[in-house]
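> I would like the atomic coordinates for the input below:
(one chain, ligands or ions: 1)
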Amino acid sequence: MPFIPTTLEEASQRCWDELDIIFVSGDAYIDHPAFGIALLARWLEAHGFRVGIITQPDWRSKEPFMALGRPRLFFGVSAGAMDSMVAHYTPARKLRHDDAYTPGNRHGARPNRATMIYTSRLKEAYKDVPVVIGGIEASLRRFAHYDFWENKVRRSILFDAKADLLIYGMGEQAILEVAERRAAGASMTETHDVRGTAFIGTAPAKGTYQEIPSYEDISASKTHFAEAFRLAYHEQNPWSGKTLIQQHGNRTLVCNPPSLPLSQTEMDQLYALPFEKAPHPAYQEPIVAWEQIKTSITSHRGCFGGCAFCAITMHQGKSIQSRSQASILAEIAALSRKSWFRGSISDIGGPTANMYGLSCGNPEAMKICRRESCIFPGICKNLLTSDKKATALLQAARKQPGVKHIAVSSGVRYDLMERQPGYFSELVSHHTGGLLKVAPEHLLEHITDLMRKPGTQSFERFLARFDSESARLGKRQSIVPYLISGHPGCTLKDMLELALILKRMGMRVEQVQDFTPTPGTISTCMFYSGIDPMSGKTVYVATTDREKGLQKALLLWHLPAERSKVLEALRELGREGEAPKLLGGAVRPAGAETIRRTKPHRTTKSGKQTDR
Ligand code: SF4
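Model prediction:
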């Protein structure tokens, strides 16, 4: 199927003299279901709409935004697959010089706060055409929120972008319903009851909504900030969540309940859409994001892990929405027919690989459930944890003609995997490629509790199982632990303890993710307010660049470049005497081997923040 038109010429080749919906995206157009704009464009196209895409327009004037003319129904705007501020700045707020979603990996193809800027240019060009905003940036900034880059509370993005409607979450159902209603003659106001949307308007009838503290209140009080976050978070159950309202001065933000999860049939329909599985041919240079995902397969969406630093609950939701095995195998078969496919699949997974096919076993409880996680602090008695579907999927995928190797590079929850011996065995036997990435993030219980992650004991049990299974198989395999420094609750002393624990375990970490307070997470709420919003307890927060730098250095004790910071941290803690224990005199020379295998087969490298 031809690519979605990106020029009037491409539209006229389809005999279209007008488009119904035009997307404006901060990313290049890659026609693959891993990219939101492509997915939504193909979805709308399959429902009979004429769709076009304007990618990475020059935002300094309105003309590039008029390249496809005036759409009949509305413009759809997305900053891209990442929040534009996350895409442009490091956790230390330094400008990045690359961009995986732009041809040639070049920085600067989209503006900061792209959703706002694009909407503004579109309104200059076509004042009377509705603009619907969506994607990660709009979704996670739908309420008044803390912005790390300005270090202040900002209004809902709807007020700053001056858009007509915001679609949050994955968006297929909401955008289709809005398009169908608009096509039937509805005004934008008449779309204000669509699930998964937010708008500025009138609150619904009393008693049907939950009001959260206003923008002014949460700007003035961190206690109110944490309260607003908690109230909003607990209304994310798609079956029982209430409409949320939040005053901004004398105007009202109204956020409808989330869209219902997609059924397996709907998931299969989405992934069967006629994607070209390639970047648009106009691009002359490689796109890093495409190279990274071109042989990966999405098996499901959603995550019930509830990790505090992850925004999945506020975006994709807690329910696992899985594709059928047949749908996934059909995608693998199509992949294996590509001329460039060499037999290796880089991933079969989703936000958390071992949640494929899982669900809550008590539909009544699920519809009113307000737990943040189905597996923390313990595994809920209602959760069905059988690994049969996930195991069968991997076994069937390996047998597909043309497939030589399949990696599972999505993260796994090892606490859940204690109930999944079959999947664990498949993983260790066939899918690690010698390195298994896991994300303990930290190992001290009072911090993993704040992160809503399992603690040291669970990690150690997992390591023991991994070692023994690898030994049984006669394989030399390694664990790659992902760790976060500077997470709320973590002091310099805690980081030293973690470094000493890792050293005792024989683990070295090559990279550490410095915690970044991105919009929409429990951890970001803690970072800004100093309060765990769910317990109301005060939380220590490392906010200075110096302390964050020292925390990170402690985990990188073995790197010569970090040695002076490690010594500085030890001095600050009054524990200089422990320098030999940590540094052990064995400072690795620059350029030396970065992966070290330890007894019996465990190696460590590591890590960046993942979404688990
Ligand atoms: S009842 Fe238990 S398994 Fe079901 S959704 Fe709630 S926490 Fe998850």
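
> Domain map for this structure?
According to the domain assignment given by automatic domain parsing, the chain is divided into the following structural domains: 8-255, 295-431, 437-443+464-612.

> For those, please prepare CSV with the additional fields mean pLDDT.
Putting the domains of the chain into CSV (pLDDT from 0 to 100) gives the following:
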stretch, mean pLDDT
domain 8-255, 97
domain 295-431, 95
domain 437-443+464-612, 81
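
> closest one to the ligand among the ones you listed?
In terms of C-beta to the nearest ligand atom, the element of the domains of the chain nearest to the ligand is domain 295-431, at 3.0 Å. Yep, even glycine has a C-beta here, placed from its N, CA and C like the rest.

> Just the endpoints, please. Distance across stretch 308-320?
Criterion C-alpha to C-alpha, to the nearest Å; first-to-last residue distance in stretch 308-320 is 18 Å.

> what do you get for stretch 195-214?
End-to-end distance of stretch 195-214 (C-alpha to C-alpha): 22 Å.

> re the thing from before, can you lay out the domains of the chain as TSV showing distance to the ligand and mean neighbour count?
Rendered in TSV, the data for the domains of the chain read as follows (distance: least, C-beta to the nearest ligand atom, whole Å; neighbours: other C-beta atoms under 10 Å):
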stretch	distance to the ligand	mean neighbour count
domain 8-255	8	20
domain 295-431	3	19
domain 437-443+464-612	14	19
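
> Make a markdown table out of the ones you listed and add distance to Ser263.
Listed next are the domains of the chain as a markdown table, based on distance: least, C-beta to C-beta, whole Å:
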| stretch | distance to Ser263 |
| --- | --- |
| domain 8-255 | 11 |
| domain 295-431 | 8 |
| domain 437-443+464-612 | 24 |
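
> Pro488 touches Phe527, doesn't it?
Yes. Judged on C-beta atoms under 8 Å, Pro488 makes contact with Phe527 at a distance of 5.2 Å.

> joint contacts of those two?
Both Pro488 and Phe527 are in contact with Phe515, Val541, where contact means C-beta atoms under 8 Å, 6 or more residues apart in numbering.

> Look up the closest residue to Met170, ignoring the ones flanking it.
By the measure of C-beta to C-beta, 6 or more residues apart in numbering, the closest residue to Met170 outside its immediate chain neighbours is Gln316, 6.0 Å from it.

> Assess the claim that the one you found and Phe304 are in contact.
No. In this structure, Gln316 sits apart from Phe304 without contact. The criterion is C-beta under 8 Å, and the distance is 10.6 Å.

> what's the closest residue to Gln269 other than its chain neighbours sitting at in phi/psi?
The shortest distance from Gln269 to any residue that is not its chain neighbour, by C-beta to C-beta, 6+ apart, is 7.9 Å, and that residue is Ala46. Comment: the main-chain dihedrals of Ala46 come out as phi -70, psi -20, following degrees, to the nearest 10.

> Tell me how far the host helix or strand of Arg461 lies from the chain's centre.
Mapping Arg461 onto the secondary structure by DSSP states H and E places it in helix 456-473. Relative to its parent chain, helix 456-473 has a centroid offset of 28 Å by C-alpha atoms, centre = their mean, to the nearest Å.

> after that helix, next one along is what?
Sequence-wise, the next helix or strand downstream of helix 456-473 (DSSP H and E) is strand 478-485.

> what packs against that following strand?
Packing contacts for strand 478-485, counted by 3 or more C-beta pairs under 8 Å, 6 or more residues apart in numbering; DSSP states H and E, involve strand 435-441, helix 492-504, strand 513-514, helix 545-555, strand 602-604.

> Reformat the ones you listed as TSV; add distance to Cys374.
Formatted as TSV, the entries for the helices and strands packed on strand 478-485 read as follows, by distance: least, C-beta to C-beta, whole Å:
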stretch	distance to Cys374
strand 435-441	17
helix 492-504	27
strand 513-514	25
helix 545-555	30
strand 602-604	29
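
> Determine which of these approaches Arg93 most closely.
Counting by C-beta to C-beta, Arg93 lies closest to helix 545-555 out of the helices and strands packed on strand 478-485; the figure is 8.7 Å.

> Identify all contacting residues around the helix or strand that that closest one is followed by.
Moving toward the C-terminus from helix 545-555, the first helix or strand encountered (DSSP H and E) is helix 563-573. Helix 563-573 is touched from outside by 492-493, 495-496, 549-551, 553-554, 556-557, 576, 578-579, 582-583, 587, with contacts defined as C-beta under 8 Å, 6+ apart.

> Repeat the analysis, applying 7 Å as the threshold.
Helix 563-573 has contacts (C-beta atoms under 7 Å, 6 or more residues apart in numbering) with 492-493, 496, 549-550, 553-554, 557, 576, 578-579, 582-583, 587.

> Need these in a markdown table (columns: distance to Glu568).
Compiled in a markdown table, the contacts of helix 563-573 are given as follows (distance: C-beta to C-beta, whole Å):
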| residue | distance to Glu568 |
| --- | --- |
| Leu492 | 10 |
| Lys493 | 14 |
| Leu496 | 12 |
| Gly549 | 9 |
| Leu550 | 6 |
| Ala553 | 8 |
| Leu554 | 10 |
| Trp557 | 12 |
| Glu576 | 10 |
| Glu578 | 14 |
| Ala579 | 11 |
| Leu582 | 13 |
| Leu583 | 13 |
| Val587 | 15 |
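
> Now for the residues you listed: which two are most distant?
Between any two of those, the greatest separation by C-beta to C-beta is 22.6 Å, found for Lys493 and Val587.

> quick one: the residue nearest to Gln269 and Tyr271 touch, right?
No. Counting by C-beta atoms under 7 Å, Ala46 does not reach Tyr271; the two are 11.9 Å apart.

> how about the closest residue to Cys303 other than its chain neighbours, secondary structure?
Counting by C-beta to C-beta, 6+ apart, the nearest residue to Cys303 once its immediate chain neighbours are dropped is Pro351, at 4.0 Å. Classification of Pro351 using DSSP: H, G, I helix; E, B strand; the rest coil returns coil.

> Tyr89 and Pro103: what is the separation?
If you measure Tyr89 against Pro103 using C-beta to C-beta, to the nearest Å, the figure is 21 Å.

> How about Ala407?
The span separating Ala407 from Pro103 equals 26 Å under the rule C-beta to C-beta.

> ok, now Ala353?
Ala353 is 30 Å from Pro103, where distance means C-beta to C-beta.

> Then Gly317?
Distance check for Gly317 against Pro103: by C-beta to C-beta, it reads 32 Å.

> Check Leu473 too.
In this structure, Leu473 lies at 42 Å from Pro103, with C-beta to C-beta as the measure.

> Settle this for me: Tyr146 is touching Ser529, isn't it.
No. Under the contact definition of C-beta under 7 Å, Tyr146 does not touch Ser529, with a separation of 8.1 Å.

> For the closest residue to Gly361 other than its chain neighbours, give the beta-bridge partners.
Distance criterion C-beta to C-beta, 6+ apart; nearest residue to Gly361, sequence neighbours excluded, is Leu384 at 4.4 Å. For Leu384, the beta-bridge assignment (DSSP bridges) gives partners Ser359.

> which parts of the helix or strand harbouring His446 are buried?
Per DSSP H and E, His446 falls inside helix 445-451. Judged by neighbour count using 16 or more other C-beta atoms under 10 Å, the buried positions of helix 445-451 are Ile447, Thr448, Asp449, Leu450, Met451.

> Show me what it is packed up against.
If you count contacts as 3 or more C-beta pairs under 7 Å, 6 or more residues apart in numbering; DSSP states H and E, helix 445-451 packs onto no helix or strand.

> How far does it sit from its chain's centre?
On the basis of C-alpha atoms, centre = their mean, helix 445-451 is displaced by 21 Å from the centre of the chain it belongs to.

> what do you get for stretch 85-105?
16 Å.

> end to end, how far does that stretch reach?
For stretch 85-105, the first and last residues are 17 Å from each other (C-alpha to C-alpha).

> Can you tell me, leaving aside adjacent residues, what's nearest to Gly536?
Using C-beta to C-beta, 6+ apart, the closest residue to Gly536 is Ala226 (7.4 Å).

> Could you list the residues in contact with the helix or strand encompassing the one you found?
Using DSSP H and E, the element containing Ala226 is helix 222-233. Helix 222-233 is contacted from outside by 143, 153, 210, 212-213, 217-218, 244, 525, 528-531, 533-534, using C-beta under 7 Å, 6+ apart.
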